[in-house]
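[1] I would like to see how this sequence folds:
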Amino acid sequence: MSAAARAVPLLLLAGWAAQAALARPLTRGIEVRAARQLRAPPSSLALRLAAGGVREAAADALWLTVLPRLGLPWAEPARKAAWIEAAAEAMIDANPRALLPAQYCAGFLERIEKRHPGIERVLVRAMEARRLRPFGRMEAVNADAWEPPHDLGMNLFVYGSPGERPRALEWIRIAAEKPLCPTLVIDFFGSLRAREGRPLDGWELLRLRAAGTDNPEWRDYFLHEADRARGAVLQGWALEAEEALGRFPETLNEVLAHGPEAERAALRADRDRYAALTEGAVVRPGGRQVEIPAFSDRLVGEARERVRLLAREFEAKRGRPPLTLAEIEEECGARIGPPPRHGTKWAFDAAAGEVRAIDDPADPRLSR
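    Just a heads-up that it's a prediction; the model follows:
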């Protein structure tokens, strides 16, 4: 074989090696150039001038343009964050009632940097958005929206520094006060404040929501949940008093004396708050319970109605009425908790398919 023939395979191997060596940087260069496509950030002024009298429609069109780009890769995250914030500003200005674009933009800013300062700017701008109404009156269009303060509070709570925790709780409280905010947010706020020695803050929020609604059903619901919250707090303080005194407290004053100092000070300073907290509450030393009788009566009524419905479900499945409460629980996969008043248990009336509370000296809640 000639020298030229022997050189051909060597040249092919060298070419393949060079191609492999160049493929990776060339591919990376293509990706970087694609990610660095210049994208002019949307302008609020330009959008207003171009939209004329159809700003909301223009905002919708801009949103449909922005949304697919939010998840695209950018080689320079800081430029992408600036673009997202500019887009959010333009959309909020064009249609301030549309909160979803602001929430999405804040969420994608969070993906770039957990505590990106643009998150707060975008959400606060959405909260403070105003619209010109007839006769030159400016209207705060998102005054009742709970989502922006909730999102900002949770961002601060999850990713903020310990020094930002008070601001996080304040934003969550503002969200929880809004008329349509889910009660889960109130529960979350209340539990956080309880850990800080302020267990009555959740109760206060529920009372505030009750006072702020014109719907009688919602008002009744919030007041019912407020009674549940204050009853749980008073019972907890009573058990702490029992540990300190060696016996269950006999008066509400003995119960309140073992609450956190911050709460005791607040109650001393506000007699109306003290009256609202203690209204209808009764200390039952023999039952080791601080009870709100009206609340207990309602719970008993709810339990009766639930058992009545479950008894019908049992009969529909088994073709006969249930004989015991245990049969209902087993067949329907439901658990009926004990009656709210300590020292009682449920007695099931098979003929009527109902329950009633009867005395039970063996109730474990009677002993420490």
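[2] Ignoring the adjacent residues along the chain, who's closest to residue 188?
    residue 172 (7.1 Å; Cβ to Cβ, 6 or more residues apart in numbering). Where C-beta positions appear, they are placed from N, C-alpha and C, glycine not excepted.
[3] before we move on, which element is residue 69 in?
    Using DSSP states H and E, residue 69 sits in helix 55-70.
[4] May I have the one helix or strand the residue nearest to residue 188 maps to exported as PDB, CA atoms only?
    According to DSSP H and E, residue 172 maps onto helix 165-177. Output of helix 165-177 as PDB, limited to C-alpha atoms (Å, rounded to 0.1, in the frame of the first residue of the first chain):
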ATOM      1  CA  ARG A 165     -40.700  38.600  58.800                       C
ATOM      2  CA  PRO A 166     -42.800  41.500  60.400                       C
ATOM      3  CA  ARG A 167     -43.500  42.900  56.900                       C
ATOM      4  CA  ALA A 168     -44.400  39.500  55.700                       C
ATOM      5  CA  LEU A 169     -47.000  39.000  58.400                       C
ATOM      6  CA  GLU A 170     -48.300  42.500  57.800                       C
ATOM      7  CA  TRP A 171     -48.900  41.800  54.200                       C
ATOM      8  CA  ILE A 172     -50.600  38.400  55.000                       C
ATOM      9  CA  ARG A 173     -52.800  40.200  57.500                       C
ATOM     10  CA  ILE A 174     -53.800  42.800  54.900                       C
ATOM     11  CA  ALA A 175     -54.700  39.900  52.500                       C
ATOM     12  CA  ALA A 176     -56.700  38.100  55.200                       C
ATOM     13  CA  GLU A 177     -58.800  41.200  55.800                       C
END
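[5] Show me which positions of that helix end up buried.
    Residues 168, 169, 171, 172, 173, 174, 175, 176, 177 are the ones in helix 165-177 that count as buried (16 or more other Cβ atoms under 10 Å).
[6] I figured the third one hits residue 153, correct?
    Yes - the criterion here is Cβ atoms under 8 Å, and residue 171 meets it with residue 153 at 3.2 Å.
[7] can you count the residues close to residue 195?
    Using other Cβ atoms under 10 Å, residue 195 has 9 neighbouring residues.
[8] roughly how far apart are it and residue 67?
    Distance of residue 195 to residue 67, computed by Cβ to Cβ, to the nearest Å: 39 Å.
[9] Check residue 366 too.
    Distance, residue 366 to residue 67, using Cβ to Cβ: 61 Å.
[10] Work out for me the element residue 253 sits within.
    For residue 253, the host element (DSSP H and E) is helix 252-256.
[11] Same question for residue 81.
    Secondary structure from DSSP H and E places residue 81 in helix 77-94.
[12] Could I get the full set of strands for the chain?
    For the chain, the strands defined by DSSP state E cover 130-133, 137-140, 282-284, 289-291, 344-349, 354-359.
[13] Quick one: closest of these to residue 210.
    Of all the strands of the chain, it is strand 289-291 that lies closest to residue 210, at 21.0 Å by Cβ to Cβ.
[14] what's near enough to touch the residue nearest to residue 227 when sequence neighbours are not counted?
    For residue 227, ignoring the flanking residues on the chain, the nearest one in space by Cβ to Cβ, 6+ apart is residue 295 at 4.2 Å. Counting by Cβ atoms under 8 Å, 6 or more residues apart in numbering, residue 295 touches 224, 227, 228, 231, 280, 340.
[15] Make CSV out of the residues you listed and add distance to residue 268, neighbour count and pLDDT.
    Converted to CSV, these look like this (distance: Cβ to Cβ, whole Å; neighbours: other Cβ atoms under 10 Å; pLDDT from 0 to 100):
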residue, distance to residue 268, neighbour count, pLDDT
224, 28, 17, 95
227, 23, 21, 96
228, 25, 16, 96
231, 21, 20, 96
280, 21, 12, 96
340, 30, 20, 96
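[16] Looking at these, which is nearest residue 140?
    Closest to residue 140, out of all of the contacts of residue 295 and judged by Cβ to Cβ, is residue 224, at 31.4 Å.
[17] For residue 62, see how far away the closest one is.
    Counting by Cβ to Cβ - residue 224 and residue 62 are separated by 45 Å.
[18] Buried residues in stretch 211-229, which are they?
    Using 16+ other Cβ under 10 Å as the test for burial, stretch 211-229 gives 221, 222, 223, 224, 225, 226, 227, 228, 229.
[19] How about stretch 275-283?
    Buried residues in stretch 275-283, counting neighbours by 16+ other Cβ under 10 Å, are found at 276, 277, 278, 281, 283.
[20] which one is the second one nearest to, not counting chain neighbours?
    Distances taken as Cβ to Cβ, 6+ apart put residue 230 closest to residue 277, at 5.7 Å, once the chain neighbours are dropped.
[21] how about the one you found, what does it touch?
    With Cβ under 8 Å, 6+ apart, residue 230 has these contacts: 200, 203, 277, 281, 292.
[22] Need the pLDDT of it.
    Per-residue confidence (pLDDT) for residue 230: 96.
[23] before we move on, what about residue 312?
    What the model reports as pLDDT for residue 312 is 93.
[24] cool, and the one 3 residues further on?
    As predicted, residue 315 sits at a pLDDT of 93.
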